[in-house]
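Novice: Next input, structure requested:
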Amino acid sequence: MRHSDRPQPALGKAIRQLRERRGLTQEALGKEAGITGRSLSLIERGHANPKWATVNDVADALDVSMGQLAKLADKFAADEK
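Specialist: Below you'll find the predicted structure:
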């Protein structure tokens, strides 16, 4: 996963919050989502802009819908303004 010129910090914050609520490590969630813990770390810190399929896989691994994940990300984005 490459660093992004268009980071998604709100998405990363949403993923981190949901992961921590479930008591999962980055490595454990990454494994369930089919990515590395390092890639998940980049996403959570807003240093990578994941592909749509990757976000879908992460949402599935977190047992939430894409809509739920997007709604939480939107909340964080609004808080940043």
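Novice: tell me which element residue 55 is part of?
Specialist: Element membership of residue 55 [criterion: DSSP states H and E] is helix 52-61.
Novice: How about the helix ranked longest in the chain, which residues are buried there?
Specialist: Looking across the chain with DSSP state H, the single longest helix is helix 66-80. Residues of helix 66-80 classed as buried: 69-70, 72-73, 76-77 (neighbour count, 16 or more other CB atoms under 10 Å). All C-beta spots, glycine's among them, are computed from the backbone N, C-alpha and C.
Novice: Then stretch 42-55?
Specialist: 42-44, 47-50, 54-55.
Novice: now for these, which pair is the farthest apart?
Specialist: The distance between the two most remote of the buried residues of stretch 42-55 (CB to CB) is 15.1 Å, for 47 and 55.
Novice: Need the per-residue pLDDT for residue 79.
Specialist: With respect to pLDDT, residue 79 scores 87.
Novice: For residue 32, see how far away it is.
Specialist: Distance from residue 79 to residue 32, counting by CB to CB, to the nearest Å: 27 Å.
Novice: Could you list the residues in contact with stretch 45-62?
Specialist: 1-4, 6-13, 15, 18-19, 22, 29, 32-35, 39-40, 42-43, 65-66, 68-69 (CB atoms under 8 Å, 6 or more residues apart in numbering).
Novice: Quick one: distance of stretch 39-47 to the chain centre.
Specialist: 7 Å (CA atoms, centre = their mean, to the nearest Å).
Novice: what does stretch 25-32 give?
Specialist: 11 Å.
Novice: Identify the residues contacting it?
Specialist: With CB under 8 Å, 6+ apart, stretch 25-32 has contacts from 19, 22, 24, 36-41, 44, 58, 61-62.
Novice: got TSV for those residues, with pLDDT too?
Specialist: Compiled in TSV, the contacts of stretch 25-32 are given as follows (pLDDT from 0 to 100):
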residue	pLDDT
19	98
22	97
24	98
36	97
37	97
38	96
39	96
40	97
41	96
44	96
58	98
61	98
62	98
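Novice: which of those residues sit farthest apart?
Specialist: So, those by CB to CB: farthest apart are 22 and 38, at 19.6 Å.
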